[in-house]
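Enquirer: With the input below, show me the fold.
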Amino acid sequence: MKMNGKTKKLAGVLFMSLSLLCFSACEPKEKQHNKHTEWSSDATGHWHECDDCETKFDFGTHNYKDGQKAKVCEECKYELDYTLEENFAYWIKGRDFIKDYDGDYTSYVDRKIYENDVLSSYNYLNESKSGNKYFSDYVAYNLNDKNEFEQSYLDLIVFKEVDDNGVTRNKEYHKIVDDEGEKITGRYVSPTQADKEVYELPRDGIEGLYISESNTYEDLIKDIKDGFKNDEEFKAEPSSIELTRRDDGSVSLVITLTSEADLESASEDEPIKGKYEIYYDINVKDGVVQNLDLGSTYCAYYKDETKNSTEKLVHKQKIEYSFDEEKYNSLDITTERTTNEYYGVIDFFVENLTLPYYCREYLVGYDVTAGEMSTYLATLPGFMASYSMEIETDKLFAFYKDEAMTQEITNMTMEEKMTIYAKFTLPEECSVILTAFKIKNGNERVHIAYLVDKGYKFTHANYFPQYSIYEIDGKENSVDDVEFVCKANRAYVVRYDTSLDM
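Expert: Residues are numbered from 1 along each chain as shown. Sure, this is the predicted structure:
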C-alpha cells in the first residue's frame, strides 16, 4: 500500500513512540547497595562498605585525638601508635616538673624482698609534707618461727603545731616499736625541723639516674649511658633504655642494667658465678611523675647446682602532689613529757672576723645576757687560749647588733637565727693576739685568740711560721721575721695567708 505524506508522518511518530517505550522498558534499574553501618579503615582513612560487594562510600581521612595507649580517630576509632618523639615530649614534662618540685606531696612506698622466689620480708613507708606539717609512717614485717609474717618494726614521726601554755610551738612526736618494746618521745623543735627529717623528696627519686638535664631524646640516651659508665658503682652502660607507652596512657622510661661475672671461690660454699640485674622505671602521667619503681635481682651459681640461689627486691613508689590532711589530723601526738629543744643559732663575728663555730646554746624565745655570751666565747674550745691567766669570762667581750658596733646588746631574746658582732673588752694588764687565716676561697676566719700579758713579745717564729703574715692591725706586712711588743688593753689582729693549704 502506498502511504501518502500524512500517513507517513503518523507512522514515523508511532515508530518513535514505540522505540522510546522499548528502550525505557529495557534499561536496568540502579543497584541498591547494602551499606554496612560500621566503618572500615586502614592507615589512609575510613569508609563504609557494601555488605554484598566491594563498593566503598563516605571515604574520609582520619581525625585523631589523644587516646590512652595510642591516638584514636574520632569517627572510626582507628588507632595509631604514638611516635618516639611524641612519647619523649610527653615524658619530659613530668621530668621537668619533678626535678624542681618543692611543694606538697604524699608518697607511698612498698618494698618486698624475695628469696628463691618466695616472699621473705616486706615494708611500707607513707610520707607526707606540706610546709612545716609532716609525717612519716614506716612499718616492716618479717617471718617468725611459725613462718608467719608479723610486724617487726614501726617508726612514726609527726610534726605539728601545738599550744604550750599559750605559746604556739612546733612539736616533734616520735614513736618506735621494736624487739625492745615501745618508745615514745616528744620535743619542741624549730618550725623548719621537718625539712631535716624528710626521708625522700619526690625529686630525690631521679637523682643518680643521669636524666635531669637532657632536653632531647638523643641527649637523654647519651647522658644515661655516659653517666652509668662513669659511675663508680656501676661502671657500665645500661643494657637497654626504653620509652614505653602504658595501657593507661602514661609513659615510662625504663633503664635496665645487667652484669654477669665468674667469681673466685675458695670453697664449695662460695658461688662460682654471679648475675645481677637492676631496673629503674620512671613513669609519667598528666605532666607529673606518678610512679618511681626499681627492682634488682641477684643470682648466685655454685658448683653444686642445688645451692643456686636468687635474691630479688621490688620497690614501688607512688607519688601524689598533695598533702594527706585526713591521715595527718588523725595522728595523736600526745606524750607524757615534751622537752624543749628549739635552740637558736648565733653566727658570731669577732673583731669583724668570722668565727668558724655556730653557737647553739640558747633556746628560742628565752632571754640571753651579754655576760652569758661572753662566757660562752671565752670558754669555747679551740678558740680562746691563755697562759694560766685569771680573767672574768663574763666581761671579756661586748656585743652589738650591727657591723659598725653602735647598737650594744646587754640583754636579748633569742631568735632562730641571729648574727652578732663581738669585740674584746680587755683588762688593763691584758692584750689579745687574734690570728686570722685567709683560705682558698678568699674568705677570712678567726683561728685562735691568745690572751697575753701586756709587754708580751710576739714573734712570727712562735706563731704559724709556715704561713706568711700579710697584715697586722690593718697595716700591710712584707717582712718575714715579724715581731712586736703587746701594749695594754689592745687586740692585735694578725692575718695569715693560708690559701695554698686550706
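Enquirer: per-residue pLDDT, Lys327?
Expert: We have a pLDDT of 98 for Lys327.
Enquirer: likewise Ala422?
Expert: 97.
Enquirer: surely it meets Asp347?
Expert: No. In this structure Ala422 lies outside contact range of Asp347 using Cβ atoms under 8 Å: 11.1 Å. Using the backbone N, CA and C atoms, a C-beta is placed for each residue, glycine as well.
Enquirer: Neighbour count for these two, which is higher?
Expert: Remark: of Ala422 and Asp347, Ala422 carries more neighbours, 24 against 14, as counted by other Cβ atoms under 10 Å.
Enquirer: ok, now which ones touch Val254?
Expert: Counting by Cβ atoms under 8 Å, 6 or more residues apart in numbering, Val254 makes contact with 240-244, 279-281.
Enquirer: For the residues you listed, name the two members farthest from one another.
Expert: Leu243 and Tyr279 (14.0 Å; Cβ to Cβ).
Enquirer: of the two, who's got more company?
Expert: A count of neighbours by other Cβ under 10 Å puts Leu243 above the other of Leu243 and Tyr279, at 21 against 17.
Enquirer: Would you check that the more buried one makes contact with Leu84?
Expert: Yes. If you go by Cβ under 8 Å, Leu243 and Leu84 touch, sitting 6.5 Å apart.
Enquirer: Common neighbours of the two, please.
Expert: Joint contacts of Leu243 and Leu84 (Cβ under 8 Å, 6+ apart) are Tyr217.
Enquirer: Ala223 - that's part of a helix, no?
Expert: Residue 223: Asp, not Ala. Yes. Assessed by DSSP: H, G, I helix; E, B strand; the rest coil, Asp223 belongs to a helix.
Enquirer: And it, how far from Leu253?
Expert: For Asp223, the distance to Leu253 equals 12 Å [Cβ to Cβ, to the nearest Å].
Enquirer: Could you give the number of residues near Thr406?
Expert: A count of nearby residues for Thr406, using other Cβ under 10 Å, gives 8.
Enquirer: my guess is it meets Tyr400, correct?
Expert: Yes. Between Thr406 and Tyr400 a contact is recorded at 6.9 Å, counting by Cβ under 8 Å.
Enquirer: ok, Asp223 and Leu253, which is more surrounded?
Expert: Neighbours were counted for Asp223 and for Leu253 using other Cβ under 10 Å; Leu253 has more, 25 against 16.
Enquirer: Need the phi and psi values for the more buried one.
Expert: phi -100, psi 120 (degrees, to the nearest 10).
Enquirer: you'd agree it is up against Tyr210?
Expert: No. Using Cβ under 8 Å, Leu253 makes no contact with Tyr210, being 11.3 Å away.
Enquirer: on that earlier part again, just the buried ones from the contacts of Val254?
Expert: 241, 243, 279-281 (16 or more other Cβ atoms under 10 Å).
Enquirer: Just the ones of those in strands?
Expert: 241, 243, 279-281 (DSSP state E).
Enquirer: nearest to Asp178, of the residues you listed?
Expert: Tyr280 (31.2 Å).
Enquirer: what's the spacing between the closest one and Leu201?
Expert: Taken as Cβ to Cβ, the span from Tyr280 to Leu201 is 17 Å.
Enquirer: Then Lys395?
Expert: 48 Å.
Enquirer: Next: Ala436.
Expert: 39 Å.
Enquirer: Comparing the two, which shows the higher neighbour count?
Expert: More crowded of Ala436 and Leu201, by other Cβ under 10 Å: Ala436, with 20 against 17.
Enquirer: If the more buried one is in a bridge, with which residues?
Expert: For Ala436, the beta-bridge partners are Val446, Arg495 (DSSP bridges).
Enquirer: where does the chain have low pLDDT?
Expert: For the chain, applying pLDDT under 70 flags the ranges 1-31, 387-389, 500-502.
Enquirer: From Thr334, how far out is the residue most central in space within the chain?
Expert: For the chain, the residue nearest the mean C-alpha position is Asp204 (2.2 Å; Cα atoms, centre = their mean). Going from Asp204 to Thr334 by Cβ to Cβ gives 32 Å.
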